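Peer 1: the sequence and its predicted three-dimensional model are supplied below.
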Amino acid sequence: MAHGLMLATLTDRRDFGDDWLLERKFDGERCLARKKGGDVRLESRTAKDLTGTYPEICAAVAAQRDQDLLLDGEVVAFDGDQTSFSRLQQRLGVADPSPQHLRTYPVVLCVFDLLEIDGEDLTGRPLRERRGRLAEAIQPCAALQLTEAGRGDSRRRFADACGSGWEGLIAKRAAAPYTPGRSKDWLKLKCVWEQELVVGGYTDPLGSRTDFGALLVGYYEAGRLRYAGKVGAGYTAAALRDLGARLRELNTHESPFVDARPIPRGTHWTRPELVAQIAFAEWTDHGRLRQPRFLGLREDKRPDEVVRERPQ
């Protein structure tokens, strides 16, 4: 598909005027959907082919009116009104899911941008124009929805989003073109701290815990993997079993971290090939996570992409 994605920058800012659009921040898997004639292809942020993973989304895109499209959005799984990354975990990386699996864990592509239509490149056009063209081009259905975008009263909108249990908001400059890479024209306002981190080890289980006790996680800075702490909460029995088996396959004798101190008792090091989504209360002054909780593995992020997100 060969199209670089525009990415949002974390911010502490909360005041935005009418020249910004405010959208819901989703906890899912970024996805580009291209419709060309009768063919549809889905790609992840890392250009991985997702076409066979989300057949209901492919069908929904294919059923759109007779025009070629390139859509940008987020694949999410809902649990009531909330998006659930743990439910989405049941679909990540599952190619050709069974009809029963599709019914049990349905997903939706929440579309927020239109990059091309019938061969016309819209990336240089303002976001407000792309959103208008998107609303005209798409007929929403169960597996394909358009995100809502509001203006003004940003502090109230953010408070309402957090009060509703949302992950946060994305503020987008209405006049901005679509530019690949991390941009300050798209800003993310988080209600809770959460980010992906690289797994570099694990500890032995204690008591009734099986497979492992905690993950040792970190992030890259100047090409080196820095230690962020251990994560011992948030695992289901199935996650302990499945993740434990993957960890043992990655065992290595040397620490991948440059600064893992102190080393927890019963530590086993692993090659830094897995990326986990972690929720936490805050960063400490020493660069460690407070009250971290495991949410799931990210199959759509490369370890070398993982850096510590800092408000800008």
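Peer 2: That came through, no problem. From a predicted model like this one, the values you see are computed outputs, not experimental measurements.

Peer 1: report the buried residues of the host helix or strand of residue 102.
Peer 2: For residue 102, the host element (DSSP states H and E) is helix 99-104. Using 16 or more other CB atoms under 10 Å as the test for burial, helix 99-104 gives residue 102. In short, each C-beta sits where N, CA and C put it, glycine included.

Peer 1: mind listing the helices for the stretch 201-312 of the chain?
Peer 2: 237-249 (DSSP state H, counting those that start in this stretch).

Peer 1: who's in contact with residue 58?
Peer 2: 40, 42, 51 (CB atoms under 8 Å, 6 or more residues apart in numbering).

Peer 1: checking the last one next. Helix, strand or coil?
Peer 2: By that I understand residue 51. coil (DSSP: H, G, I helix; E, B strand; the rest coil).

Peer 1: got a list of what it touches?
Peer 2: Residue 51 neighbours (CB under 8 Å, 6+ apart): 40, 41, 42, 58.

Peer 1: same deal with the second one?
Peer 2: Taking CB under 8 Å, 6+ apart as the criterion, residue 42 is in contact with 31, 32, 33, 34, 49, 50, 51, 53, 54, 57, 58.

Peer 1: filter these down to the buried ones, ChimeraX style.
Peer 2: Those of those that count as buried under 16+ other CB under 10 Å are selected in ChimeraX with:
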select :31,32,33,34,50,51,53,54,57,58
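
Peer 1: farthest-separated two in the contacts of residue 42?
Peer 2: Within the contacts of residue 42, two members stand farthest from each other by CB to CB: 34 and 53, at 15.3 Å.

Peer 1: stretch 119-133: end-to-end distance?
Peer 2: End-to-end span of stretch 119-133 (CA to CA, to the nearest Å): 14 Å.

Peer 1: what comes into contact with it?
Peer 2: Taking CB under 8 Å, 6+ apart as the rule, stretch 119-133 contacts 21, 68, 113-117, 149, 172-179.

Peer 1: from the contacts of residue 51, which ones fall inside strands?
Peer 2: 40, 41, 42 (DSSP state E).

Peer 1: any idea how far residue 158 is from residue 104?
Peer 2: 34 Å (CB to CB, to the nearest Å).

Peer 1: low-confidence stretches in the protein?
Peer 2: Where the chain drops to pLDDT under 70, the residues are 1-3.

Peer 1: I'd like the ones in strands among the contacts of residue 51 laid out as a markdown table, including distance to residue 249.
Peer 2: Formatted as a markdown table, those follow (distance: CB to CB, whole Å):
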| residue | distance to residue 249 |
| --- | --- |
| 40 | 34 |
| 41 | 31 |
| 42 | 28 |
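
Peer 1: re the thing from before, and which of the contacts of residue 58 is nearest residue 310?
Peer 2: Once CB to CB is applied, the member of the contacts of residue 58 that ends up nearest residue 310 is residue 42, at 31.2 Å.

Peer 1: how about that closest one: what's its closest non-neighbour residue?
Peer 2: Leaving aside its sequence neighbours, residue 42 sits nearest to residue 50 (CB to CB, 6 or more residues apart in numbering; 4.0 Å).

Peer 1: the one you found and residue 90, how far apart?
Peer 2: Counting by CB to CB, the gap from residue 50 to residue 90 is 15 Å.

Peer 1: helix or strand next in line after the helix holding residue 102, which one?
Peer 2: The helix or strand immediately downstream of helix 99-104 is strand 108-117, counting by DSSP H and E.

Peer 1: sheet partners, orientation included, of that following strand?
Peer 2: Using DSSP bridges, strand 108-117 pairs in its sheet with strand 69-76 (antiparallel), strand 120-121 (antiparallel), strand 144-146 (parallel).

Peer 1: tell me which of these sits nearest to residue 235.
Peer 2: Short answer: strand 69-76, nearest of those by CB to CB, at 22.1 Å.

Peer 1: that closest one to strand 39-43, inter-axis angle?
Peer 2: Orientation check (axes from the mean of the first three to the mean of the last three CA atoms, to 10 degrees): strand 69-76 against strand 39-43 gives 50 degrees.

Peer 1: before we move on, the earlier item: weed out the non-buried ones from the contacts of stretch 119-133.
Peer 2: Buried subset of the contacts of stretch 119-133 (neighbour count, 16+ other CB under 10 Å): 21, 113-117, 149, 172-174, 176-178.

Peer 1: quickly find the element holding residue 32.
Peer 2: Going by DSSP H and E, residue 32 is part of strand 29-36.
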